[in-house]
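Asker: All I have is the shape, not the residue letters:
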């Protein structure tokens with residue numbers, strides 16, 4: 001009986017060998033040794049079959065040994081030149097099998113001539129080589145197949161402590177399609193995973209395949225059975241590998257994993273290729289966009305519409321360095337514009353975007369211009385010099401509390417800037433002008449929202465005047481995930497510093513959409529417009545900010561109120577409890593796109609121009625009160641400093657008012 005230490009060393013070496021941790025030279029040496037043994041054994045068995053004796057008396061000992069040496073040397077050399085040692089056994093495929101058959105066939109032919117030159121085939125009948133051929137293929141192929149089989153079984157049995165009593169983390173893969181199968185194969189071929197984990201089952205979308213197996217691993221059930229499955233199996237890790245369209249199911253699984261303190265990861269399927277092996281590095285933590293983003297709807301005519309609008313055209317993007325503007329530039333670049341004009345007033349943001357364009361779109365013709373939409377002469381010079389055919393106007397101030405404190409800046413940028421660019425678009429007969437608006441422009445309670453509504457009316461007015469060749473389109477949407485200045489980066493910073501997370505009110509809600517989706521829909525809405533329309537994006541279901549805060553804490557691996565506290569600070573000036581996408585008097589009409597509606601917009605009043613001139617005549621010295629009063633005369637729906645006004649009935653029902661007074 002071997003000592004325990006010797007047994008452990010033997011098991012360790014065997015484990016290393018099976019799981020592929022040997023060096024390349026060690027592995028090749030083992031393979032050559034194995035193939036040499038197979039070559040000798042196959043040739044010997046062929047002789048035994050031919051003579052019907054284990055030691056034929058017709059062949060002397062020297063003839064045996066010399067023939068075996070010649071056959072083994074020639075055949076191993078042939079295997080080498082046939083490429084049998086360039087492949088990796090654990091990745092053996094049909095191509096490797098064909099290469100093996102080809103190599104074995106060549107080896108038998110060459111060894112026939114080698115033995116002929118050695119002894120003129122004395123006492124070695126020709127039929128021996130015909131028998132040797134299938135035996136050689138069986139031995140070589142069988143060994144490689146057995147290696148994969150043993151290795152796979154060690155992976156599957158690993159969780160039962162098959163090797164040295166080691167404990168293994170049980171893993172369940174959510175998904176049972178071809179991508180999940182590829183992921184499973186790679187995981188078991190990755191030593192760092194195989195030595196510490198065991199995939200104990202798959203979860204499918206339905207129970208149609210319940211009880212079936214993928215590479216010996218059972219399909220345990222469907223997503224609806226997930227709570228029962230984790231109670232039965234007690235996994236320590238969940239990998240979500242379903243398509244990104246299953247966000248509802250992902251949310252459900254994440255919530256259950258959080259409740260049971262199970263580690264969970266997601267496969268980034270956007271990065272995977274159908275024709276390439278998956279990479280385990282594409283397994284990552286679930287982020288907010290995974291669970292809050294929406295199902296991506298592929299609009300049938302999208303590509304044609306975008307190509308028609310953008311391909312071969314000169315396109316100007318104002319506010320190009322911002323969250324929306326920079327994503328506009330990225331997506332426009334994919335449609336091969338004749339020239340992309342990047343305009344922004346912030347040097348650093350423009351520099352960052354320029355570097356990205358150089359890296360990702362090296363052949364894209366573009367210019368990066370530091371310019372201010374509030375300076376008519378500068379914008380006129382840009383437009384007259386580069387003659388854009390399409391303008392996406394994304395330049396704006398959007399931070400609500402800051403604009404409450406700096407109302408003149410909102411007028412100067414959001415209104416004057418829009419008016420300058422829009423009027424120059426008409427003057428130079430630019431084909432399309434797409435203005436990026438906001439849901440805060442609807443029934444505004446903030447200076448920012450009111451300024452965006454005035455900017456909308458400027459575009460409506462220019463369209464109403466008629467005679468212009470420019471088609472004006474306005475696109476309204478809500479918050480986007482991860483934009484600069486939004487609540488999500490702020491929550492991320494607060495979590496990193498240990499909290500607390502500051503939420504203004506327990507009932508406050510917001511719409512959220514990913515930046516790429518919002519920009520994609522903005523571009524599509526722009527292509528739909530015939531002039532003067534206000535398009536409203538379908539923002540989905542509003543999200544309570546308190547729920548968002550809790551989810552972000554949990555996704556960071558922490559516990560709300562225990563590891564990171566949440567505090568309510570009260571509604572800020574100009575802030576709404578909930579956002580609206582339409583005015584009370586506005587209705588919508590469907591468009592050809594399922595996520596884009598057209599608002600039957602409230603018409604611009606006859607006295608709007610005089611009110612607009614008064615707004616633009618204000619100076620930085622004018623008080624915030626004067627600015628807000630003037631806004632109220634121009635935007636009748638604007639209610640300054642009364643964020644609760646429209647939400648008061650709903651709040652009263654939930655007990656947030658006592659005797660007419662607001663209760664924190």
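Answerer: Structure's in. What do you need? Just so it is clear, the structure is predicted and the values come from calculations on it, not from any experiment.

Asker: When you work out contacts or count neighbours from here on, use the C-alpha atoms and nothing else.
Answerer: OK.

Asker: now the end-to-end length of stretch 221-237.
Answerer: 17 Å (CA to CA, to the nearest Å).

Asker: list the buried ones in it?
Answerer: For stretch 221-237, the neighbour count (16 or more other CA atoms under 10 Å) marks 221-224, 226, 229-230, 235-237 as buried.

Asker: I'd like the residues you listed laid out as CSV, including pLDDT.
Answerer: Formatted as CSV, these follow (pLDDT from 0 to 100):
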residue, pLDDT
221, 89
222, 88
223, 86
224, 87
226, 89
229, 91
230, 89
235, 91
236, 88
237, 89
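
Asker: out of the residues you listed, which one sits closest to residue 422?
Answerer: residue 223 (51.5 Å; CA to CA).

Asker: The residue nearest to the closest one when sequence neighbours are not counted: what's it in contact with?
Answerer: Distances taken as CA to CA, 6 or more residues apart in numbering put residue 205 closest to residue 223, at 6.0 Å, once the chain neighbours are dropped. Contacts for residue 205 (CA atoms under 8 Å, 6 or more residues apart in numbering) come out as 175-176, 222-223.

Asker: Could you check how far the lengthiest helix in the chain is from the centre of its chain?
Answerer: For the chain, the helix with the greatest residue count under DSSP state H is helix 127-157. Relative to the centre of its chain, helix 127-157 is centred 41 Å away, using CA atoms, centre = their mean, to the nearest Å.

Asker: any idea how far residue 401 is from the closest residue to residue 470 other than its chain neighbours?
Answerer: Distances taken as CA to CA, 6+ apart place residue 431 nearest to residue 470, at 4.8 Å, with adjacent residues excluded. Separation of residue 431 from residue 401 (CA to CA): 36 Å.

Asker: And residue 118, by the same measure?
Answerer: Counting by CA to CA, the gap from residue 118 to residue 401 is 95 Å.

Asker: what about residue 124, distance to residue 47?
Answerer: For residue 124, the distance to residue 47 equals 8 Å [CA to CA].

Asker: who's more crowded, these two?
Answerer: residue 47 (24 against 21; other CA atoms under 10 Å).

Asker: tell me the contacts of the spatially closest residue to that one that is not a sequence neighbour?
Answerer: In space, and not counting its chain neighbours, residue 47 is closest to residue 128: 5.8 Å by CA to CA, 6+ apart. Contact analysis of residue 128 by CA under 8 Å, 6+ apart lists 43, 46-47, 50.

Asker: pLDDT wise, what is residue 128 at?
Answerer: Confidence at residue 128, expressed as pLDDT, is 88.

Asker: Report the contact partners of the residue nearest to residue 470.
Answerer: Counting by CA under 8 Å, 6+ apart, residue 431 has contacts 389-390, 469-471.

Asker: can you check residue 337 too?
Answerer: Residue 337 neighbours (CA under 8 Å, 6+ apart): 310-315, 364-365.

Asker: Repeat the analysis, applying 7 Å as the threshold.
Answerer: Each residue near residue 337 by CA atoms under 7 Å, 6 or more residues apart in numbering is listed here: 310-314.

Asker: if we can go back for a sec, of the contacts of residue 128, closest to residue 425?
Answerer: Closest to residue 425, out of all of the contacts of residue 128 and judged by CA to CA, is residue 43, at 86.2 Å.

Asker: Setting aside sequence neighbours, what's the nearest residue to the closest one?
Answerer: residue 132 (5.5 Å).

Asker: The one you found touches residue 48, doesn't it?
Answerer: No. Applying CA atoms under 7 Å as the test, residue 132 and residue 48 come out as separate, 10.7 Å apart.

Asker: other SSEs contacting the lengthiest strand in the chain?
Answerer: Assignment by DSSP state E gives strand 197-204 as the longest strand of the chain. Identification of packing neighbours for strand 197-204 by 3 or more CA pairs under 7 Å, 6 or more residues apart in numbering; DSSP states H and E yields strand 169-174, strand 217-222.

Asker: Can you report how many residues lie near residue 399?
Answerer: For residue 399, using other CA under 10 Å, the count is 15.

Asker: cool, and residue 465?
Answerer: 8.

Asker: for residue 317, same thing?
Answerer: Other residues lying near residue 317 total 24 when counted by other CA under 10 Å.

Asker: and it, that one's in a helix?
Answerer: No. Looking at residue 317 with DSSP: H, G, I helix; E, B strand; the rest coil, it is strand, so not inside a helix.

Asker: start to end distance for stretch 498-506?
Answerer: 21 Å.

Asker: what comes into contact with that stretch?
Answerer: So stretch 498-506 is contacted by 491, 494-495, 546, 564-571 (CA under 7 Å, 6+ apart).

Asker: Just put those in JSON lines and tack on distance to residue 171.
Answerer: Formatted as JSON lines, the contacts of stretch 498-506 follow (distance: CA to CA, whole Å):
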{"residue": "491", "distance to residue 171": "31"}
{"residue": "494", "distance to residue 171": "32"}
{"residue": "495", "distance to residue 171": "29"}
{"residue": "546", "distance to residue 171": "32"}
{"residue": "564", "distance to residue 171": "29"}
{"residue": "565", "distance to residue 171": "32"}
{"residue": "566", "distance to residue 171": "33"}
{"residue": "567", "distance to residue 171": "37"}
{"residue": "568", "distance to residue 171": "39"}
{"residue": "569", "distance to residue 171": "42"}
{"residue": "570", "distance to residue 171": "44"}
{"residue": "571", "distance to residue 171": "45"}
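
Asker: one step back: looking at the helices and strands packed on strand 197-204, which is nearest to residue 66?
Answerer: Among those, strand 217-222 comes nearest to residue 66, with 49.0 Å by CA to CA.

Asker: On the C-terminal side of the closest one, identify the next helix or strand.
Answerer: helix 226-233 (DSSP states H and E).

Asker: now that following helix, how far from the chain's geometric center?
Answerer: 28 Å.

Asker: Which strands or helices does it pack on?
Answerer: So helix 226-233, by 3+ CA pairs under 7 Å, 6+ apart, packs with no helix or strand.

Asker: got the contact list for the following helix or strand past it?
Answerer: Where DSSP H and E defines the elements, the next helix or strand beyond helix 226-233 is strand 237-240. Strand 237-240 has contacts (CA under 7 Å, 6+ apart) with 170-175, 262-267.

Asker: quick revisit: possible to save the contacts of residue 128 as TSV with distance to residue 532, pLDDT and secondary structure?
Answerer: Shown next, in TSV, are the contacts of residue 128 (distance: CA to CA, whole Å; pLDDT from 0 to 100; DSSP: H, G, I helix; E, B strand; the rest coil):
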residue	distance to residue 532	pLDDT	secondary structure
43	87	88	helix
46	88	89	helix
47	92	87	helix
50	93	86	helix
